[in-house]
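S.K.: structure for the following, please:
(6 chains)
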There are 6 protein chains.
Amino acid sequence: MDNKFNDKQFRAHVLAEALPYIQDYTHKVIVVKYGGNAMINDELKNSVMRDIVLLNLIGVKVVLVHGGGPEISEMLKKVGKESVFIDGLRYTDEETVEIVRMVLAGKINKSLVNLIERIGGKAIGLCGIDGHMLKCETADPKLGYVGKITEVDTKIITDSLDAGYIPIVSTVGYDDEGHIYNVNADTAAAALAGALGAESLILMTDTKGVLRDKDDESSLIEKIYVSDIPSLVKQGVISGGMIPKIECCKEAIRRGVHKVFIIDGRVSHSILVEILSDSGIGTMFINED
Amino acid sequence: MDNKFNDKQFRAHVLAEALPYIQDYTHKVIVVKYGGNAMINDELKNSVMRDIVLLNLIGVKVVLVHGGGPEISEMLKKVGKESVFIDGLRYTDEETVEIVRMVLAGKINKSLVNLIERIGGKAIGLCGIDGHMLKCETADPKLGYVGKITEVDTKIITDSLDAGYIPIVSTVGYDDEGHIYNVNADTAAAALAGALGAESLILMTDTKGVLRDKDDESSLIEKIYVSDIPSLVKQGVISGGMIPKIECCKEAIRRGVHKVFIIDGRVSHSILVEILSDSGIGTMFINED
Amino acid sequence: MDNKFNDKQFRAHVLAEALPYIQDYTHKVIVVKYGGNAMINDELKNSVMRDIVLLNLIGVKVVLVHGGGPEISEMLKKVGKESVFIDGLRYTDEETVEIVRMVLAGKINKSLVNLIERIGGKAIGLCGIDGHMLKCETADPKLGYVGKITEVDTKIITDSLDAGYIPIVSTVGYDDEGHIYNVNADTAAAALAGALGAESLILMTDTKGVLRDKDDESSLIEKIYVSDIPSLVKQGVISGGMIPKIECCKEAIRRGVHKVFIIDGRVSHSILVEILSDSGIGTMFINED
Amino acid sequence: MDNKFNDKQFRAHVLAEALPYIQDYTHKVIVVKYGGNAMINDELKNSVMRDIVLLNLIGVKVVLVHGGGPEISEMLKKVGKESVFIDGLRYTDEETVEIVRMVLAGKINKSLVNLIERIGGKAIGLCGIDGHMLKCETADPKLGYVGKITEVDTKIITDSLDAGYIPIVSTVGYDDEGHIYNVNADTAAAALAGALGAESLILMTDTKGVLRDKDDESSLIEKIYVSDIPSLVKQGVISGGMIPKIECCKEAIRRGVHKVFIIDGRVSHSILVEILSDSGIGTMFINED
Amino acid sequence: MDNKFNDKQFRAHVLAEALPYIQDYTHKVIVVKYGGNAMINDELKNSVMRDIVLLNLIGVKVVLVHGGGPEISEMLKKVGKESVFIDGLRYTDEETVEIVRMVLAGKINKSLVNLIERIGGKAIGLCGIDGHMLKCETADPKLGYVGKITEVDTKIITDSLDAGYIPIVSTVGYDDEGHIYNVNADTAAAALAGALGAESLILMTDTKGVLRDKDDESSLIEKIYVSDIPSLVKQGVISGGMIPKIECCKEAIRRGVHKVFIIDGRVSHSILVEILSDSGIGTMFINED
Amino acid sequence: MDNKFNDKQFRAHVLAEALPYIQDYTHKVIVVKYGGNAMINDELKNSVMRDIVLLNLIGVKVVLVHGGGPEISEMLKKVGKESVFIDGLRYTDEETVEIVRMVLAGKINKSLVNLIERIGGKAIGLCGIDGHMLKCETADPKLGYVGKITEVDTKIITDSLDAGYIPIVSTVGYDDEGHIYNVNADTAAAALAGALGAESLILMTDTKGVLRDKDDESSLIEKIYVSDIPSLVKQGVISGGMIPKIECCKEAIRRGVHKVFIIDGRVSHSILVEILSDSGIGTMFINED
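M.R.: Okay, here's the model as predicted:
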């Protein structure tokens, strides 16, 4: 047989191999926290959206949660907003949260909706204010309108999923006094995954996952039990900016999410690889086997 | 009987009188174009949102379409965007449409959602990109990204109404090449009302309605047949900025909307007055009796 | 602004103020015991029926229970039926219960249905025999066919409500031997409200409510806790014919009804005033705050 | 084999033979006009109700329409109402129609409901006022409140059938001015059968059916084509009180009812015999084979 | 009245008498184990199928389970398969189970489906492999592929019943290694009845039922309490081939089936007699009154 | 990056590329005629079943129609059935059709069901008798019980698809006289595809497709318009056993099937290749572009 033929067959084999993974995820909810390079590079962006549409099509209920990336800083700069730092952390005043909201819910969110619709998916752009999804309080008075989620109302998400849409969520919250808050996207994704009883939470990052030796990409830890996290922190394997991310993983699992993945968003189709194959490309957190 | 008692009864009579109007509108769709003073004055804003929630509660399917008002100009100024005028009309370049989109879909839209949710309604903030609702093309190449609607897909609106939400729509559109357009809110409201087979379209303005003598508020024309519009234009009764608005009324009726109202948004609860009483406060356009 | 205009706005304000009350009652069941003057005076009758249709329209599930009023005595007189009194109470023999049934289920009930249908509501006239709704036994052998309810089957009521009808119920019951009973309408309304898990039971009377001094209408007690009833009886505030009525209130609350109102049926739109405003016009019975 | 055994088997054979007839009627509507002896004799009454419950149980949608029989005259006599005759026909004044309504909708109707419920069926007692089912106008001004049906709204009937109830209908109608009318039960049954698109209309009478020689019961005509009616009238085979009854048959078939039966209500289980066997016991009217 | 007339009425009486029995079985599940003479004699076969279609039509959910009868032996003989006996019991090797499966699921099953469809019923032919309904393990390694049921998945049965079909089930099972098993039809019927929460299980046999004196057909025991079985076995009333059958009865009742009948399949319409009359023709097993 | 990594990504790319093909087929019906080598070789059989389960899982409604292959001849030989040939064609007498039915519906069909269930799909084994799906008459009296389909009732197929099952169909038919027929599987698949309004019909064969030069596998014709068939027959490109197969393709398209594929069943996953990629591996028949 000719090569072209072999290639076709090989592709069919690949598809056929996805069967058991699809069987595992049909009708289940996956929350994807989208961010980092995958949000900047156009080709990666496209590959993520295609993965999402494909998963939606084969019956997986995907919720996409996104953060803001560099576009927020850019916009703050454009309007000449000076950042105020308190104890080294940026203070979010009312004007800043307005800009954040506009960039997240008005620009990035609707661009992602547009991208998915153009590929042939049906998307709906929401934020934590719609259907009063994410209720917040001040995380820390010193930081201003940085929100800590106190209640999650998933009705608008499940209504959207039931009607066949892919909900795209900007992580902006509200409180009863009419204030708006900027919420950390990892935290919001974990809270939503927990409240939705999601099968998996996927955090897209710009790293390979958790590395035993952070300078050696080949030292990736493929599976971490939640109970092993403290000792990994103590050993310094989990450190710095990874710590709050891992806290989100822990929290999501505590609320009933079965599996949390930290995957490398710099690799195209990393979501499909993680979901539809046996050997993922990142680090998986689970409770126990 | 004491006065307090009389007052209670009078209030009950007023409620009871609303019965036939509620009977007329139950399960029907009303599209409200929200704008002008009603969008700036906090008390009026609140009164409009309460009217909308009340109508939703008594079984009317309300869709709120909003424009941008002064917040767009303000934001453009803030980012130091100079407006370019071509033949006296403002040119909307890509950066401008980005700002428009952020202000409309990120700020105003979500603020309205928040307001309605706080009153106890269930709202969902959408724009013409969600569910690819408003497909556009360039209205006039000289004006840049000012959109002319070429297709309306109401599915995301009817899905939202069926799930009990009040859809709030920012008038931003898309095209197949990935461009985003700013769409005139009156035109978008008329297009949506037509596509939804709405019972009524309500355009909130800062005038009493169509006045026979524009300097005499007591000369309000309460009912205009679509067939009478040309002669009213000829007589100069309809002129200036009112002309494109009246064109929207005509177009909506041509597409099957039964009644179009131009009402005075400066008056509190003007929507309820118009919908739930016999003697409205603005000008009604109909096809024929 | 002219007066006419002010009036319109005032009316709109009144409607708008009803919003939170409508929000409280949407999809909830209210059982109204209709009787007294409100059943005799044509204008009051009309006002009650309009209130009921309005409540039905705005999503409240209203069940109307009616008694017989003077029409039973009139008919008994017409057929020359002499009333027999035993220990001062009227004896209900088989012929009497036949007349009662005809007047209730054949005349009054269908007249109320007709009235509601003419206003534009959808009504269905039922009695305790339909769907074997009210099973009875003899309340007291000395009194003949006066029924004490032993079982309530609400299926025919909920089927009617689900299909959008306003059920109008004549308080006639049955037993397994094929006998028919006349049932006190207050008791039947309380039993139905309890079995339906109603939000409220409204008893229409010809008094202002419970008065601290029965000769002073300004001494109305606006709220009574069920636990306060015994002391009010002891003090003589609740006395005479009011006692069995208050027993019904107590019983309904014991079975789970949240609020019971004794309201003045002589006042037009008293139901709307009570349901759709903060300051009712009668006495409210509740369990505790 | 013993006799008892044979008997059991014979009974089983009888049941088995009903199979094709049940297959023909499943999910179809049958309107039964109930009257005459079958309404007076307790055993016959019971047998009719059992037949109805059985048909309902095996999936036939039965609607029972009843007239008043001697109970109306009895009640009129009781209240001392003198009948006025105009041109030999009884005049129905307002007081009379009140009595008629009470006897029909309050007494007979609810007794039939009770009977069916006691046998284990679910019945709902309605009249032409409920759900504004039978709209009327004066049949002849000289006769007062004798109604001619001008509109049939079957919604309340089909809602009842869909919820599994056997609707029992008193033939009382309404008009837009608030008047109540007495309607001939045969006519009402025919109108309902037509409006419901019934498979069959069964008129229970106190005759064997249409006899070729009215003095010879063995001369029963088993099948009459609608087109043969005029010549049968001319021949005098159809005459006297049979003529309006046959007009009803004709009218029902004209409106789409497939088969109309005039059956002998003096025979127990005559409905089952007619519906569930090949050789009926009355006269069948059809359009053509 | 003539005889023919009397006969008609008698038949109607018989039908009417079935009412309470139909009321008892509506919407309930009956599992019928079909076998013996009723499967060989064409007239009996026809009578059974008519009974099943009739029961299905009047709302009873009938599941027909069949064994193989003499056709299996005939086929084994045809292919020259020698039966091997181990300890006096026939050994079922792979080739035998293949033949069994073909005869059961390919011939007998589809013939029964055909028969029911021809009478006007809707039937679907299934075996324990479809929807993986009957999971098995080897009952006894010495006997080869004779299956003992370890799990029942009723979904394919209830899906079929809900869609209105009469499921006809061949008692062939599967295991996780891909083997096929022959399952005893009585046992399979009992297991299915238990898993379905059936109201009744009917075992058709070639005996009158359980006889106190096996040589005297008039000594039929009409009712046996499960608790009496051991003493009946001890007394020898239940003996030989009857013992495993009675074990099935016991097991079905233990799993929640209300009544189990052993009936005489040699008598036509024995199912209808048993289900639709008071005095059955076989032996009924119940738990207690 | 390491090779293993590249491989994972490549696999993800392959999955992602399937997106537009899945979008095209979601909710659509595909009828697969299964036969030839793919039915004999265990690995190929497994690969076909996996393809079917995968398609079912991603929302394609697959119906599998199978013929008999060599197992029928084997069984006929086993029972010593001599084949009679008339004019060179095998005569199917009653005994033969019995054997055919047993092998098809009892053995092959249930084995395929078992295979699919073991992979995790839900399958239901049917034949043309179930739900009276395939009504036949004698194709040619000289050939005996070889059926020509006269009516297709797809209800049992669509009921099965709606309940989520993969229907596996043996091509056995019935007639009104109770006869059973053997039906050619290609013809039956084409008739079912037409009656179901299938998107595609796939005929699995032991050839590469239609070859321009039958000795040169590289001369495969990838697309044939129905209108080109006659000239291809005339040229001898379509000849011999291919002619009736191509007739089936033509007939299916005439009845509304959009695309018919003749694919090479000797290649593993040939169905997936054909459905989920741009460049199929066989010959596609369409009406026109």
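S.K.: hey, which helix or strand in chain A has the poorest pLDDT?
M.R.: helix A:3-17 (a mean of 73; mean pLDDT, DSSP states H and E).
S.K.: which helix or strand lies directly C-terminal to it?
M.R.: helix A:19-25 (DSSP states H and E).
S.K.: now for residue A:77, how many residues are close by?
M.R.: Counted by other Cβ atoms under 10 Å in any protein chain shown, the residues lying close to residue A:77 total 12. For every residue, glycine as well, the C-beta is placed using N, CA and C.
S.K.: same question for residue A:254.
M.R.: Count around residue A:254 with other Cβ under 10 Å applied: 12.
S.K.: list the residues that contact it.
M.R.: A:194, A:226 (Cβ atoms under 8 Å, 6 or more residues apart in numbering or on different chains).
S.K.: where does the stretch 1-150 of chain A dip in pLDDT?
M.R.: A:1-6 (pLDDT under 70).
S.K.: in it, which residue sits nearest chain E?
M.R.: residue A:23 (14.8 Å; Cβ to the nearest Cβ).
S.K.: got the phi and psi for the closest residue to that residue other than its chain neighbours?
M.R.: Closest residue in space to residue A:23, ignoring its immediate chain neighbours: residue F:120 at 5.2 Å, by Cβ to Cβ, 6 or more residues apart in numbering or on different chains. The phi/psi pair for residue F:120 (degrees, to the nearest 10) reads phi 110, psi 0.
S.K.: show me the contacts for residue F:120.
M.R.: Applying Cβ under 8 Å, 6+ apart, the residues near residue F:120 are A:19-20, A:23, F:53.
S.K.: mind listing the helices for the stretch 1-150 of chain A?
M.R.: Applying DSSP state H, counting those that start in this stretch to the stretch 1-150 of chain A gives helices spanning A:3-17, A:19-25, A:42-57, A:70-78, A:94-101, A:109-119.
S.K.: deepest of the ones you listed, which one?
M.R.: helix A:109-119 (a mean of 23; mean count of other Cβ atoms under 10 Å in any protein chain shown).
S.K.: the helices of the stretch 1-150 of chain A: which one's closest to residue A:206?
M.R.: Proximity to residue A:206 (Cβ to Cβ) singles out helix A:42-57 among the helices of the stretch 1-150 of chain A, at 10.6 Å.
S.K.: who are the packing partners of the closest one?
M.R.: strand A:29-34, strand A:61-66, helix A:109-119, strand A:166-170, helix A:270-275, helix F:3-17, helix F:19-25 (3 or more Cβ pairs under 8 Å, 6 or more residues apart in numbering or on different chains; DSSP states H and E).
S.K.: ok, 10 Å please
M.R.: strand A:29-34, strand A:61-66, helix A:109-119, strand A:123-127, strand A:166-170, helix A:270-275, helix F:3-17, helix F:19-25 (3 or more Cβ pairs under 10 Å, 6 or more residues apart in numbering or on different chains; DSSP states H and E).
S.K.: and that helix, how far out from the chain middle?
M.R.: On the basis of Cα atoms, centre = their mean, to the nearest Å, helix A:42-57 sits 13 Å off its chain's mean C-alpha point.
S.K.: and the helices in the stretch 151-289 of chain A, which stretches?
M.R.: A:155-162, A:185-196, A:229-234, A:242-254, A:270-275.
S.K.: near chain F at all, the last one?
M.R.: Yes. Using Cβ under 10 Å from any Cβ of the partner chain, helix A:270-275 reaches chain F at A:270-275.
S.K.: for residue B:283, find the nearest of the helices of the stretch 151-289 of chain A.
M.R.: helix A:155-162 (37.0 Å).
S.K.: and that closest one with strand A:29-34, angle?
M.R.: 110 degrees (axes from the mean of the first three to the mean of the last three Cα atoms, to 10 degrees).
S.K.: got the angle for helix A:155-162 vs strand B:123-127?
M.R.: Using the same axes, to 10 degrees: helix A:155-162 against strand B:123-127 is 60 degrees.
S.K.: in the stretch 151-289 of chain A, which residue sits closest to chain F?
M.R.: Closest point on the stretch 151-289 of chain A to chain F, by Cβ to the nearest Cβ, is residue A:269, at 3.3 Å.
S.K.: if you could redo that for the stretch 1-150 of chain A, that was the one I meant.
M.R.: Residue nearest to chain F within the stretch 1-150 of chain A (Cβ to the nearest Cβ): residue A:12, separated by 3.3 Å.
S.K.: so residue A:90 makes contact with residue A:143?
M.R.: Yes. With contacts counted by Cβ atoms under 10 Å, residue A:90 reaches residue A:143, the gap being 7.6 Å.
S.K.: name the nearest residue to the closest residue to chain C within chain A, sequence neighbours excluded.
M.R.: Nearest residue of chain A to chain C (Cβ to the nearest Cβ) works out as residue A:132 at 14.7 Å. What sits nearest to residue A:132 in space, not counting adjacent residues and going by Cβ to Cβ, 6+ apart, is residue B:117, at 4.4 Å.
S.K.: wait, doesn't the one you found sit right on residue A:129?
M.R.: Yes. Contact criterion Cβ under 10 Å: residue B:117 and residue A:129 qualify, at 7.1 Å.
S.K.: for the closest residue to residue A:174 other than its chain neighbours, give me its contacts.
M.R.: Leaving aside its sequence neighbours, residue A:174 sits nearest to residue A:129 (Cβ to Cβ, 6+ apart; 5.0 Å). With contact taken as Cβ atoms under 10 Å, 6 or more residues apart in numbering or on different chains, residue A:129 is in contact with A:101, A:105, A:135, A:170, A:172-174, A:180-181, B:109-115, B:117-118, B:123-125.
S.K.: count of neighbours near the closest residue to chain D within chain A?
M.R.: At 26.2 Å from chain D, residue A:162 is the closest residue in chain A, using Cβ to the nearest Cβ. Neighbours of residue A:162 under the rule other Cβ under 10 Å: 11.
S.K.: ok, now which ones touch it?
M.R.: Contacts of residue A:162 (Cβ under 10 Å, 6+ apart): A:61, B:159, B:163.
S.K.: neighbours of the residue nearest to residue A:164 when sequence neighbours are not counted, how many?
M.R.: The shortest distance from residue A:164 to any non-neighbouring residue, by Cβ to Cβ, 6+ apart, is to residue A:122 (5.8 Å). Using other Cβ under 10 Å, residue A:122 has 21 neighbouring residues.
S.K.: next one: residue A:262
M.R.: Quick note: residue A:262 (other Cβ under 10 Å) scores 28 neighbours.
S.K.: could you do residue A:239 as well?
M.R.: 12.
S.K.: identify the residue nearest residue A:15 in space, chain neighbours excluded?
M.R.: Sequence neighbours aside, residue F:272 is the residue nearest to residue A:15 in space, at 5.2 Å (criterion: Cβ to Cβ, 6+ apart).
S.K.: wait, what's in contact with that neighbour?
M.R.: For residue F:272, the contacting residues are A:8-9, A:11-16, F:18, F:21, F:47-48, F:50-52, F:54-55, by Cβ under 10 Å, 6+ apart.
S.K.: again, only using 7 Å
M.R.: A:12, A:15-16, F:51, F:54 (Cβ atoms under 7 Å, 6 or more residues apart in numbering or on different chains).
S.K.: circling back to that earlier point, would you check which pair of the contacts of residue F:120 lies furthest apart?
M.R.: A:20 and F:53 (9.9 Å).
S.K.: pick out the residue in chain A sitting closest to chain B.
M.R.: For chain A, Cβ to the nearest Cβ, closest residue to chain B: residue A:106, 2.3 Å.
S.K.: where does residue A:261 land on pLDDT?
M.R.: Residue A:261 carries a pLDDT value of 97.
S.K.: around it, how many other residues sit close by?
M.R.: Counted by other Cβ under 10 Å, the residues lying close to residue A:261 total 24.
S.K.: any idea what it is bridged to?
M.R.: Note on residue A:261: beta-bridge partners residue A:202, residue A:284, judged by DSSP bridges.
S.K.: from residue A:270, how far off is it?
M.R.: Residue A:261 sits 9 Å away from residue A:270, going by Cβ to Cβ, to the nearest Å.
S.K.: got it, and residue A:63?
M.R.: Residue A:63 is 17 Å from residue A:270, by Cβ to Cβ.
S.K.: then residue A:264?
M.R.: Distance from residue A:264 to residue A:270, by Cβ to Cβ: 6 Å.
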